[in-house]
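Enquirer: can't give you the sequence, but here's the structure:
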């Protein structure tokens, strides 16, 4: 896992310092309160190469047994395109996003409509539909 300076802007695109945004989630000292915040924290986990966090926040019904992150993929930015439900009082929600990344010298985009559920006050990624 690569480190991010706590005062640096969080990779998820909120503009907040990492220590006030996704840092506490990846350090397991806080839980994302909404599906969107879970989505943003998972994106940040890809940026900093933290597969343990990704697996821990993946719903057990769809979680892979292991996860290997491509070391040649450089994540460049996240744009939230929309959301349905997923608020602090909801038990499910979706987040539509576009993530930009670079691989093999090419700038690419991943578009996905991700599904999340909340179980025992914890949000989990279930699955997503979309394309690169």
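Expert: Great, that's in hand. These figures come from a predicted structure and were not determined experimentally.

Enquirer: for stretch 122-132, which outside residues touch it?
Expert: 31-32, 34-35, 37-39, 42, 57-62, 86, 108-118 (C-beta atoms under 8 Å, 6 or more residues apart in numbering). All C-beta atoms are positioned from the backbone trio N, CA, C, and that covers glycine.

Enquirer: now the residues you listed: which count as buried?
Expert: Listed as buried from the contacts of stretch 122-132 are 31-32, 34-35, 37-39, 42, 57-59, 86, 110, 112-118; burial here means 16 or more other C-beta atoms under 10 Å.

Enquirer: what's the average pLDDT for the helix or strand containing residue 94?
Expert: Using DSSP states H and E, residue 94 falls within strand 92-103. Throughout strand 92-103, pLDDT has a mean value of 97.

Enquirer: and the helix or strand that it is followed by, what does it pack onto?
Expert: Proceeding N to C from strand 92-103, the next assigned helix or strand is strand 106-119, under DSSP H and E. Here strand 106-119 touches helix 35-47, strand 92-103, strand 122-131, going by 3 or more C-beta pairs under 8 Å, 6 or more residues apart in numbering; DSSP states H and E.

Enquirer: dump these into a markdown table; add distance to residue 20 as well.
Expert: Formatted as a markdown table, the helices and strands packed on strand 106-119 follow (distance: least, C-beta to C-beta, whole Å):
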| stretch | distance to residue 20 |
| --- | --- |
| helix 35-47 | 12 |
| strand 92-103 | 20 |
| strand 122-131 | 19 |
